[in-house]
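Undergrad: task: produce atomic coordinates for the following.
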Amino acid sequence: MLQNHLLIVLLFISCGAAEAFFSPQNGFTKAHPTSTCTIMMSDHTNPNETRDPIPNENIFFIEIGFGNDSHGQSATKAAIRACRNAIEFNSIPSIKRLIPNGGYDALKLDVLLAVPPKYRDGLDLDEVAKVFPYGHVRFEVQDGGMIAPSGIAIEKLGDVGDDMVVVCASVTVGH
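TA: Presented below is the predicted three-dimensional model:
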């Protein structure tokens with residue numbers, strides 16, 4: 001019973017809360033060069049290259065993480081850290097028994113990234129996808145995250161100002 005309540009809370013956090021604070025946007029998808037990643041951006045629509053979200057009955061868990069780039073203003077670096085933060089304390093040794101016909105290769109990961117709009121154009125989802133060692137990854141990117149002052153701009157570290165870029169990630173794992 002507690003697990004069901006926890007799943008509902010996690011679903012609300014990753015889905016309901018996001019919809020409550022951000023308006024729905026259309027999606028654009030493209031295949032990752034290794035064919036294991038579908039990238040969904042929210043500025044364009046290409047219905048020929050989409051995959052449906054993981055059905056609720058096939059979700060194993062949802063993980064939340066955040067990451068930042070204190071110097072350099074890289075949304076990619078912050079997103080990589082957010083995804084690592086979301087998945088770094090997990091192991092799923094029974095996947096081969098849980099997923100029909102495929103095990104780890106049949107996993108689906110839906111990754112929702114909240115990125116500050118000012119730094120969104122610099123986001124390289126091909127690099128972020130490398131965080132995930134297996135499965136088929138689908139990204140959705142929405143406006144969000146945070147820009148906070150670092151208190152100092154260090155040119156040697158790539159700073160063009162004192163912005164710290166913070167990205168939030170929700171990783172849904174299922175089949």
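
Undergrad: can you tell me which helix in the protein is longest?
TA: If each helix of the chain is counted by residues according to DSSP state H, the longest one is helix 75-87.

Undergrad: tell me which strands and helices that one is in contact with?
TA: strand 59-69, strand 108-115, helix 125-129, strand 163-174 (3 or more C-beta pairs under 8 Å, 6 or more residues apart in numbering; DSSP states H and E). Any C-beta I mention is one placed from the backbone N, CA and C, and that applies to glycine too.

Undergrad: rerun that using 10 Å as the cut-off
TA: In terms of contacts (3 or more C-beta pairs under 10 Å, 6 or more residues apart in numbering; DSSP states H and E), helix 75-87 is packed against strand 59-69, strand 108-115, helix 125-129, strand 136-143, strand 163-174.

Undergrad: any low-confidence regions in the chain?
TA: Low-confidence segments of the chain, defined by pLDDT under 70: 1-50.

Undergrad: how about 50 then?
TA: 1-38, 42-49 (pLDDT under 50).

Undergrad: and K130, how many neighbours?
TA: Per other C-beta atoms under 10 Å, the neighbour tally for K130 reads 15.

Undergrad: check Q142 too.
TA: 21.

Undergrad: S170 too?
TA: The number of residues packed near S170 is 24, by other C-beta under 10 Å.

Undergrad: is it true that it touches F139?
TA: No. Distance between S170 and F139: 11.1 Å, which falls outside the contact criterion (C-beta atoms under 10 Å).

Undergrad: shared neighbours of these two, anything?
TA: Counting by C-beta atoms under 10 Å, 6 or more residues apart in numbering, the common neighbours of S170 and F139 are C83, D110, V111, L112, L113.

Undergrad: out of those, what pair is the most spread apart?
TA: Within these, C83 and D110 form the most distant pair, 12.1 Å apart (C-beta to C-beta).

Undergrad: spatially central residue for this protein, please.
TA: The residue at the geometric middle of the chain, judged as the C-alpha nearest the mean C-alpha position with C-alpha atoms, centre = their mean, is V111 (3.2 Å).
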